[in-house]
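Trainee: got a structure for you, letters missing:
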């Protein structure tokens, strides 16, 4: 399967962990595991989970051993665009820091309430857009509606002869 391996930068200040790690993407996470999202992954020797950022999907790994699987995708949004990762990598290399230190400063911590608010706003915006599209095409509630130019189909229609226009 193409893109079955995820390259992840761990959110760790340790310089020895400042490189991409490869993880298998389980089928149930395949749609949600897109580049830029926060993920939860197992650490081999420690037996615990770590968080990180999925930076790319590839078809196969260069790692010779057995790959662990992503445990979870944390959040609905890709918070790390490729350009931001490249910039963070350059800043980290120039300042002798780790890329995760730079990313921690560049990307705010995850707030579920804020994510839900953004999703609700985008849903409302798409609903509004659908209403506007129906009005522009002359359809209201699925039926054709005759309207005067510049008037909403939801406004009452007026007869110009009796409306008292001067």
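Mentor: The structure has been received and is ready for your questions. Please read all numbers here as calculations on a predicted model, not as lab measurements.

Trainee: for this protein, what spans make up the helices?
Mentor: In the chain, the helices defined using DSSP state H lie at 82-95, 99-106, 112-137.

Trainee: the inter-axis angle of the first one versus helix 99-106?
Mentor: Using axes from the mean of the first three to the mean of the last three Cα atoms, to 10 degrees, the inter-axis angle of helix 82-95 relative to helix 99-106 is 120 degrees.

Trainee: which of the helices of the chain has the lowest mean pLDDT?
Mentor: Of all the helices of the chain, mean pLDDT reaches its minimum on helix 112-137 (a mean of 63).

Trainee: quick one: buried residues of stretch 52-69?
Mentor: 52-55, 57, 61 (16 or more other Cβ atoms under 10 Å). Bear in mind the C-beta positions are built from the backbone N, C-alpha and C, glycine included.

Trainee: likewise stretch 9-27?
Mentor: Applying 16+ other Cβ under 10 Å to stretch 9-27 flags 9-12, 17-18, 20-23, 25 as buried.

Trainee: show me which pair in the buried residues of stretch 52-69 is furthest apart.
Mentor: 53 and 61 (17.6 Å; Cβ to Cβ).
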